[in-house]
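[1] Generate a structure from the sequence data that follows.
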Amino acid sequence: MTAELAQLALILALLLALAQGLLPLLGAWRGDRALMAVARPAACAQALFAWLAFALLAYALLRLDFSVRYVAANANLAQPWYYRLAAVWGAHEGSLLLWIAILDLWTVLLARSSRHLPEAFAARVLGVLGLIAAGFLAFVLFTSNPFARLSPMPLDGNELNPVLQDPGMVFHPPVLYTGYVGFSVAFAFAIAALLGGEQQQAWVRWARPWTNVAWGFLTAGIVAGSWWAYAELGWGGWWFWDPVENASFMPWLVGAALIHTQAVTEKRGALGAWTLLLSILAFSLSLLGTFLVRSGVLTSVHAFAADPRRGLYILGFLIVTVGGALLLYALRAPRLAAGKPFAALSRETAILVGNLMLTVAAAMVLLGTLFPLLGDALRLGKVSVGPPYFGLLFPLLMLPVVLLLPFGPYLRWGRTEPGALQAVAVRAVLAALACALVAFVLTDGSARAVAGVAAATWIGIGTALYAYKRLREAPRGRRFPAELAGMLLAHAGVAVFVAGVLLSESLSIERDVRLAPGQSEQIGGYAFRFDGVRMIDGPNWKAEQGTLTVSRDGAAVAVLHPQKRLYSSERIQTEAAIDAGVVRDLYVALGEPMDDQHIENAWTLRLYYKPFIRWIWLGGLLMMLGGFVSACARRLRAPHPVAPGAELAAPLATTASAIPT
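    Model (predicted):
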């Protein structure tokens, strides 16, 4: 009965999504307020039915209803309850249901906060979101139904893929999807503005907090995924340029560009067409990521199984959605006002250059991700695009962004005198050179380490000097503006991230060894003594668990227990052991037994010394907080009320408060 009730809920949700999508758009076109009024109640009702279906799938997994095919494929009697819950989004059908549930959450929040918007504009925004929801609900019902019955019902099921049975997978997909799907709001705002025949500073002002929050969640999701891959896959790396990693990174890059361009459009009325295009591209790349993950066209450790029907549906949905949006943009964008002019040395120019670099970087990642497909289509044979391609081009494209970051806040709108940047430039250069010299001495001249320290200092000093300047100039008793705080956090996060990436990559040590009990290996100033392997039992696995005692200068530092687990599904999974620290990680992965006539009970082990790797995720978290804090700006959260039926508000007055740059 649970499965049938859930399917009925999905059917009703689809019908309501169609009503939410079609009737308000028709009403906005005709000026029919009765049809436009359908948007909010239809959105809320559609969300309730979609959430009911999601809850029923979770219920079926928790109570192990093996008559449901999805449950039998992703859960068994031995699996802990929290991994049964994670199985809701651990496979294709359930993850799509999670996508819909999160899309409906964004829609309901927008519906509840959209009463200040012009009636026709709000109807268009909710209508666009309704059509997106209808597309995904139809996808679930017709090609990816998680409530299909299984007969005869098995006594036990399979289990969630062991690589996904990790605490990181409990929260990583929901957080990542919240960011992915959140860009649909900016997309809907842009389409609504284009359908209305005008582009004003007002709609950008309304869209900015939603974009900031979506980008913050996407940042958090990428950070969580990177941490999961580092801890779970046993490779000791944090980013592999895997196609599905790239699928989330591309909208992140375009989203970062969009956040900054929205600021220019709101403040100066400039770059309006560019803001619209980035709003379309950010969500389009999210849809493209969905296609890459679920169509099976690319090989990835993250991807779901291939199904031609699913791939064709998503490809068609992608073509209709993105193609329609770009066609509308091509027809309406030329009519937009140009906005206020600006000089070559201005905040607008700096943001535009940074945006171009971020967008070109996203295009570069897209080309590298899809090039194997193009090679197959053109019969060029198997073509592989790996880290050397990305590792060469991406830093080159980001170099102008790094150079501009310290100066962005100091630049004025419209025009800036060159002398205004002299003081900060001199201080940042001197600090970067001094820190680079120290790094050169301490790292024996490692070029990447020196570059990382210099770049991080360059960004960090510029950010700190601007924070001090604003604090000194602020009237006594006036609080720190949220937008300024968000900008400073995000830019500080970039500095910490850059330092973490280049220092960890240049100073890391990796060693494959064979050790018998009692033998030791030195790496990075630490002694790893192998104490042997024993068998242990888990809730749904058995494991060979090694024990290594780590010491430094004779003093014990940590005891590590890497494992090689055999799950009830007969699949083997390596579990690395990590001793985490602020400035270094010690990382051990257990290999295979290597007994021979000379050495008994020997095992292969992979040892890593990873300095500053935690700074990578700390930098990401600071960027995430920057996005969230910026969205809390009072002037963005409390828009001016608009009378029902009114048109888009006139361009807003330029404010003097700082913005993320």
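[2] Tell me how far residue 440 lies from residue 610.
    In this view, residue 440 and residue 610 are 21 Å apart by C-beta to C-beta, to the nearest Å. Glycine gets a C-beta too; all of them are placed from N, C-alpha and C.
[3] Which residue of the two possesses the greater neighbour count?
    A count of neighbours by other C-beta atoms under 10 Å puts residue 610 above the other of residue 440 and residue 610, at 26 against 16.
[4] got the contact list for the more buried one?
    Going by C-beta atoms under 8 Å, 6 or more residues apart in numbering, residue 610 touches 236, 504, 508, 584, 585, 586, 587.
[5] Phi first, then psi, for it.
    The phi/psi pair for residue 610 (degrees, to the nearest 10) reads phi -120, psi 90.
[6] Make residue 1 into 514 and carry on from there
    Right, with 514 as the first residue, what we last looked at is residue 1123.
[7] Quickly list what it is bridged to.
    Under DSSP bridges, the beta-bridge partners of residue 1123 are residue 1098.
[8] any idea how far it lies from residue 1046?
    From residue 1123 to residue 1046 the distance is 23 Å (C-beta to C-beta).
[9] Next: residue 864.
    Taking C-beta to C-beta, one finds residue 864 at 56 Å from residue 1046.
[10] So these two - more neighbours on which side?
    residue 864 (26 against 18).
[11] Within the helices and strands, which one has the more buried one?
    helix 860-890 (DSSP states H and E).
[12] tell me which residues of that helix are tucked away?
    Using 16 or more other C-beta atoms under 10 Å as the test for burial, helix 860-890 gives 860-865, 867-868, 870-872, 874-875, 877-879, 881-883, 885.
[13] which helices and strands does that helix pack with?
    Contacts defined by 3 or more C-beta pairs under 8 Å, 6 or more residues apart in numbering; DSSP states H and E place helix 860-890 against helix 756-781, helix 785-808, helix 900-917.
[14] Run through the stretch 564-713 of the chain and note the low-pLDDT ranges.
    Within the stretch 564-713 of the chain, the stretches with pLDDT under 70 are 710-713.
[15] need the helices for it, in chain order.
    Along the stretch 564-713 of the chain, the stretches classed as helices by DSSP state H, counting those that start in this stretch are 582-587, 594-599, 605-626, 632-656, 680-708.
[16] Could you dump those into JSON lines with mean neighbour count and distance to residue 533 added?
    As requested, the helices of the stretch 564-713 of the chain are arranged in JSON lines below (neighbours: other C-beta atoms under 10 Å; distance: least, C-beta to C-beta, whole Å):
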{"stretch": "helix 582-587", "mean neighbour count": "23", "distance to residue 533": "27"}
{"stretch": "helix 594-599", "mean neighbour count": "19", "distance to residue 533": "29"}
{"stretch": "helix 605-626", "mean neighbour count": "22", "distance to residue 533": "8"}
{"stretch": "helix 632-656", "mean neighbour count": "24", "distance to residue 533": "3"}
{"stretch": "helix 680-708", "mean neighbour count": "24", "distance to residue 533": "12"}
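[17] Switch these over to TSV; also include distance to residue 1145.
    As requested, those are exported to TSV (distance: least, C-beta to C-beta, whole Å):
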stretch	distance to residue 1145
helix 582-587	38
helix 594-599	30
helix 605-626	14
helix 632-656	22
helix 680-708	16
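[18] Residue 1078 is nearest to which of the ones you listed?
    Of all the helices of the stretch 564-713 of the chain, it is helix 594-599 that lies closest to residue 1078, at 13.2 Å by C-beta to C-beta.
[19] rank the helices and strands packed on helix 860-890 by pLDDT, which is bottom?
    Per-stretch mean pLDDT for those is lowest at helix 785-808 (a mean of 88).
[20] now for the helix or strand following that helix, which elements pack on it?
    Following helix 785-808 in sequence order, the next helix or strand is helix 821-845 (DSSP H and E). Applying 3+ C-beta pairs under 8 Å, 6+ apart, one finds that helix 821-845 contacts helix 632-656, helix 680-708, helix 785-808.
[21] and the shortest one, how far from the chain's centre?
    If I follow you right, that is helix 785-808. Chain-centre distance of helix 785-808: 13 Å, with C-alpha atoms, centre = their mean, to the nearest Å.
[22] For it, C-alpha coordinates in PDB please.
    What follows is helix 785-808 as a C-alpha-only set of coordinates in PDB (Å, rounded to 0.1, in the frame of the first residue of the first chain):
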ATOM      1  CA  GLY A 785      22.400  43.400 -17.400                       C
ATOM      2  CA  ALA A 786      22.500  41.100 -20.500                       C
ATOM      3  CA  TRP A 787      25.500  39.300 -19.000                       C
ATOM      4  CA  THR A 788      23.700  38.800 -15.700                       C
ATOM      5  CA  LEU A 789      20.800  37.200 -17.500                       C
ATOM      6  CA  LEU A 790      23.000  35.000 -19.500                       C
ATOM      7  CA  LEU A 791      24.900  33.800 -16.500                       C
ATOM      8  CA  SER A 792      21.700  33.100 -14.700                       C
ATOM      9  CA  ILE A 793      20.700  30.800 -17.600                       C
ATOM     10  CA  LEU A 794      24.100  29.200 -17.800                       C
ATOM     11  CA  ALA A 795      24.400  28.400 -14.100                       C
ATOM     12  CA  PHE A 796      21.200  26.300 -14.000                       C
ATOM     13  CA  SER A 797      21.900  24.900 -17.500                       C
ATOM     14  CA  LEU A 798      25.200  23.500 -16.300                       C
ATOM     15  CA  SER A 799      23.400  22.000 -13.300                       C
ATOM     16  CA  LEU A 800      21.100  20.200 -15.700                       C
ATOM     17  CA  LEU A 801      24.000  19.100 -17.800                       C
ATOM     18  CA  GLY A 802      25.600  17.700 -14.700                       C
ATOM     19  CA  THR A 803      22.400  15.700 -14.200                       C
ATOM     20  CA  PHE A 804      22.700  14.400 -17.700                       C
ATOM     21  CA  LEU A 805      26.300  13.300 -17.300                       C
ATOM     22  CA  VAL A 806      25.600  11.500 -14.000                       C
ATOM     23  CA  ARG A 807      22.400   9.700 -15.100                       C
ATOM     24  CA  SER A 808      22.900   8.900 -18.800                       C
END
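[23] returning to that earlier point: now the helices and strands packed on helix 860-890 as TSV including distance to residue 844 and mean neighbour count?
    Listed next are these as TSV, based on distance: least, C-beta to C-beta, whole Å; neighbours: other C-beta atoms under 10 Å:
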stretch	distance to residue 844	mean neighbour count
helix 756-781	20	25
helix 785-808	12	24
helix 900-917	31	15
